[in-house]
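*Asks:* Provide a 3D model corresponding to the input given below.
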Amino acid sequence: MHDTFLFKRISDSLNTLCKENRIGRLNKVCITTSRNSHICHDNLLAQLKECNDGLVGDWTELCIERQDIDSHTATIDHVEGESLE
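*Replies:* Modelled structure (predicted):
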């Protein structure tokens, strides 16, 4: 169940980060999650596409690294994108 909330927090954080930095399209996102997390490439990408329309799409490269961190957390390690005009 905690992964549902983690999906939402990742999505919201990426959205905020992009607004603050005037990024209009994400080309690459790298995230670290717990080794026990059920978050995987396909389900996270689907969530981000659904919640961040236009910001994330089939063009977005998504990297997920697993480490020994708290199971209720994720870290956005790296983003690359195109700025808003």
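*Asks:* residues in contact with the spatially most central residue of the chain?
*Replies:* Residue closest to the average C-alpha location in the chain (CA atoms, centre = their mean): residue 10, at 5.1 Å. The contact partners of residue 10, taken as CB atoms under 8 Å, 6 or more residues apart in numbering, are 31, 44, 47-48, 74, 76. Glycine gets a C-beta too; all of them are placed from N, C-alpha and C.
*Asks:* please flag which of these sit within helices.
*Replies:* Among the contacts of residue 10, the ones falling in helices (DSSP state H) are 44, 47-48.
*Asks:* in PyMOL, how would I select just the buried ones from those?
*Replies:* Provided next is the PyMOL selection string for whichever of those are buried by 16 or more other CB atoms under 10 Å:
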select buried, resi 44+47+48
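*Asks:* closest to residue 27 out of the ones in helices among the contacts of residue 10?
*Replies:* Nearest to residue 27 among the ones in helices among the contacts of residue 10 is residue 48, at 12.8 Å by CB to CB.
*Asks:* touching, that closest one and residue 56? I think so.
*Replies:* Yes - applying CB atoms under 8 Å as the test, residue 48 and residue 56 come out as touching, 4.2 Å apart.
*Asks:* any chance you could map the strands in the chain?
*Replies:* Using DSSP state E, the strands assigned to the chain run over residues 23-34, 61-67, 74-83.
*Asks:* tell me where the longest helix sits in this structure.
*Replies:* Taking DSSP H as the criterion, the chain has its longest helix at helix 2-20.
*Asks:* farthest-separated two in the contacts of residue 10?
*Replies:* 47 and 76, at 14.1 Å, using CB to CB across these.
*Asks:* pLDDT weak spots in this protein?
*Replies:* Residue ranges of the chain with pLDDT under 70: 1-2, 85.
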